[in-house]
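Asks: pasting the sequence and the predicted model now:
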Amino acid sequence: MTAVALPPRAGTASRSSRPFAGTGVLWRLALRRDRIMLPVWALALGGSYASVVSSLSSLYGTAAERADLARSMNANSSLRALYGPAFSDSPGGLTAWRMVAFGATLAAVLSLVVVVRHTREEEETGRQELLSAAMVGRRAPLTAALLTALTAQAALAAVTAAGLVASGVPGRGSVALALSVAGVGALFACTAAIAAQFTESARAAKGITAAVIGAAYVLKAAGDATSDDGSAVSTWLSPIGWAENVRPYASERWWVLGLLAAAVGVQAVLAYALAGRRDVGLGFLPARPGPARGGLGTAGALAWRLQRGSVLGWLAGFLVTGVVFGGMADGAADLVSGNSGAREIFQRMGGHSGLTDAFLSAITGMLGMVTTLFVVASVLRLHGEETSQRAEPLLANAVGRLRWAAGHLVVAFAGSAAVLLAGGAGMAVGYGHRPGPVVGAALVQLPAVWALGGLTVLLYGAAPKAAPAAWGVAGLALALGWIGPVLNLPQWALDLSPFGQLPKLPGAAMDWTPVLVLTGVAAALVAAGLTALRRRDLSC
C-alpha cells in the first residue's frame, strides 16, 4: 500500500517542505497510548537496582565478604560470561556487575517494542497512511517514535539513578550506571527504526532487532568468558559490552558514553535516510511470495507457518541458555556455600536440598517462568490475526473458529513443551550428570506454563480487549519467582504464582497432585476460552 501525494492546502506549505510537521501531536499521541506500559517498565526495571543494592548489602555485609565474592566471580568464566567482570567490590560495584548487562538488554527490548509499535505496526494496520494523507510530515512518525523511546529511556535513567542514590551508594556511579543502561536502550531504539524500514511486517522488524540484541549479548558473553577486565575484542564489539565498560562505581569511563552517543547519531541518520527513500507500507526487503505448492491446506499448517520462526528461535535460545547454566551448576554452588544468606535465597527458589540441586531447581523454575512469555505471545497471535482483520477472510470459508484457534493453540502449548525440553536437555549437557532428573525438572514446569496459557485463552475468548493483560500476569509470576526470594517475601506471596505450587526437582520428591491439578485448571481455562470465542462476535 503506497501513500497518495495530495496537493498542499491553501495557505500552508507542502509536506515535503515541512518533513517534521505534526511531530509534537504524534509524540503526545504515542505517550498517551503507552501511558501505562512506560511507567510500569521504568518503575519496575529502575527500582530493581535499588533492591539489588539492599539485598547484596544484607547478604555480604563486610568488605571482606564482598571482596571474596568479587574474586570468586572473576575467577569463574561461566559467571563472567553471564554477568560480566566485577570492577569493584563495593555494594554499588557488585550491583553494577549483577545488573548492568541484564538491565541494558531489557532497556533495549523496551525500545524495540516502542519504536516498532509506533512505526511499522502503524503502517501495517493502515493507520499511518490515513495520517500521511493529512498535514503530517514524512519524517514525523519516525521522529515521534524515537522521541517516545528516548522519553522512556530518560524516565528509566531518572528512576534508576534516584533509587540507587536513595539506597546509599555514591551518586557519581549511580548516574554512570543509569546513563549506560539508558544509552544502550537509545542505541537499540535506532536499530529498531532501521529494521522497520527494511521489513513490511512488525513481526519481522521485531525479530531482526531481537536477533541483533541477542547477538550483542552473545558477543559480550564470549569476550567476558575469556577476559576478566572487559578488554576482549568481542566485548568491545557489543553495545552491551560498552555499558559494562563504563565501569560504574570503579573509576568511571565517561568517554564510553560518548561512544554510545556517537553510535546513536549514526544509526539515527541512517534510519532517516532509509525512511525518506521508501513508500508508506513498503520495505526494502519485500515479503516473499509463498511456494506455488505448499502444505497450507489446514488451519494448523497455517498457524505453524506463521509461528515457526518464533518457535525455532526460542528452541535455539533455550538450548544455549541451558548449556550455559548447566555448566555453572557446580561453580555456583561453591560460590554461595560459605554465605548463609545466599544459601537461603537458593533454597527458597530451588528447595531445601543440596546446593547444586537447589541451583538446578531454581534455574529450571526460571526457564519455566520465561517460557510463559512464549506461550502468552503465541496465544495472543490469535488476537493479532483478528484485530488486523486477517482472520475474517479465513473464517468466511469452510474453516470454523475452533479449528482456526486450535491450530495456534497446538503451536502454543506443544511449542512450550518443546522449548522447555530444549532448555532441560541443554542443562543436562552442560551439567554432565543425571540427565534424566535434570530434564524432568524442566518438564515439571509445564503445568504452570499451561495454566497461564489457559488464562490467556480465556481472556482472549471472553474479553479480547483485556487479553494483553495476560502479559501483566506473566510478568507478575516472573517477578515473584525471580525477585521475591531476594526481597524475602513471605511464602504465601510466593505461592500466589502457580510455579510456587510445583515440586522442587531434582532435589525434592515428585508430587503429582499439583501437577495434575494445574493441568486440569489449564484444560478448563482453555475450554472456557474457546466456548466464549465461539459465542462472541469477532473484533468485539
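Replies: That came through fine.
Asks: confidence score at Ala528?
Replies: Ala528 carries a pLDDT value of 95.
Asks: tell me which element it is part of?
Replies: Taking DSSP states H and E as the definition, Ala528 sits inside helix 512-535.
Asks: and Thr95, which helix or strand is it part of?
Replies: With DSSP H and E as the test, Thr95 turns up in helix 91-118.
Asks: check which element follows that helix along the chain.
Replies: Next element after helix 91-118 (DSSP H and E): helix 120-124.
Asks: count the residues that sit near Met37.
Replies: Each residue near Met37 was counted by other Cβ atoms under 10 Å, and the total is 17. Bear in mind the C-beta positions are built from the backbone N, C-alpha and C, glycine included.
Asks: and what of Ala64?
Replies: 10.
Asks: now do the one 3 residues further on
Replies: For Ala67, the tally of surrounding residues (other Cβ under 10 Å) stands at 14.
Asks: touching, it and Ser88? I think so.
Replies: No: applying Cβ atoms under 8 Å, one finds Ala67 not in contact with Ser88, separated by 10.0 Å.
Asks: quick one: Leu395 from Glu385, how far?
Replies: Remark: distance between Leu395 and Glu385 (Cβ to Cβ, to the nearest Å) = 10 Å.
Asks: who's more crowded, these two?
Replies: Neighbour tally, Leu395 and Glu385, criterion other Cβ under 10 Å: the higher count belongs to Glu385, 20 against 16.
Asks: and the helices in the stretch 51-200 of the chain, which stretches?
Replies: Taking DSSP state H, counting those that start in this stretch, the helices of the stretch 51-200 of the chain run over residues 63-75, 77-83, 91-118, 120-124, 127-132, 140-166, 171-198.
Asks: okay, those helices in TSV with distance to Leu43 and mean pLDDT next?
Replies: Converted to TSV, the helices of the stretch 51-200 of the chain look like this (distance: least, Cβ to Cβ, whole Å; pLDDT from 0 to 100):
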stretch	distance to Leu43	mean pLDDT
helix 63-75	28	83
helix 77-83	23	76
helix 91-118	12	90
helix 120-124	25	83
helix 127-132	29	72
helix 140-166	6	94
helix 171-198	14	95
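Asks: need those in a markdown table (columns: distance to Met369).
Replies: Putting those into a markdown table (distance: least, Cβ to Cβ, whole Å) gives the following:
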| stretch | distance to Met369 |
| --- | --- |
| helix 63-75 | 24 |
| helix 77-83 | 17 |
| helix 91-118 | 15 |
| helix 120-124 | 27 |
| helix 127-132 | 34 |
| helix 140-166 | 23 |
| helix 171-198 | 23 |
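Asks: with respect to Asp228, which of these lies nearest?
Replies: The closest of the helices of the stretch 51-200 of the chain to Asp228 is helix 63-75. By Cβ to Cβ, the value is 4.6 Å.
Asks: helices and strands of this protein: which one has the lowest mean pLDDT?
Replies: Using mean pLDDT, DSSP states H and E, the weakest-scoring helix or strand in the chain turns out to be helix 340-350, at a mean of 57.
Asks: what helices and strands are in contact with the next helix or strand along the chain from that helix?
Replies: Note on helix 340-350: by DSSP H and E, the next helix or strand toward the C-terminus is helix 355-379. Using 3 or more Cβ pairs under 8 Å, 6 or more residues apart in numbering; DSSP states H and E, the elements in contact with helix 355-379 are helix 299-336, helix 340-350, helix 401-431, helix 435-443, helix 446-462, helix 469-482.
Asks: most tightly surrounded among those helices?
Replies: helix 446-462 (a mean of 25; mean count of other Cβ atoms under 10 Å).
Asks: got the angle between that one and helix 469-482?
Replies: Helix 446-462 and helix 469-482 meet at an angle of 160 degrees, taking axes from the mean of the first three to the mean of the last three Cα atoms, to 10 degrees as the criterion.
Asks: and Leu382, what pLDDT?
Replies: Looking at Leu382, its pLDDT reads 89.
Asks: ok, and the closest non-adjacent residue to it?
Replies: Leaving aside its sequence neighbours, Leu382 sits nearest to His408 (Cβ to Cβ, 6 or more residues apart in numbering; 5.2 Å).
Asks: quick one: the one you found from Ala232, how far?
Replies: From His408 to Ala232 the distance is 43 Å (Cβ to Cβ).
Asks: equivalent analysis for Gly173, please.
Replies: For Gly173, the distance to Ala232 - Cβ to Cβ - is 23 Å.
Asks: give me the more crowded residue out of those two.
Replies: Counted by other Cβ under 10 Å, Gly173 and Ala232 do not tie: Gly173 has more neighbours, with 25 against 19.
Asks: mind checking how far the helix holding Thr95 is from the chain centre?
Replies: Centroid separation between helix 91-118 and its chain, computed with Cα atoms, centre = their mean, to the nearest Å, is 10 Å.
Asks: which other helices and strands contact that helix?
Replies: Under the contact definition 3+ Cβ pairs under 8 Å, 6+ apart, helix 91-118 sits against helix 23-33, helix 37-59, helix 63-75, helix 77-83, helix 140-166, helix 171-198, helix 202-226, helix 239-245.
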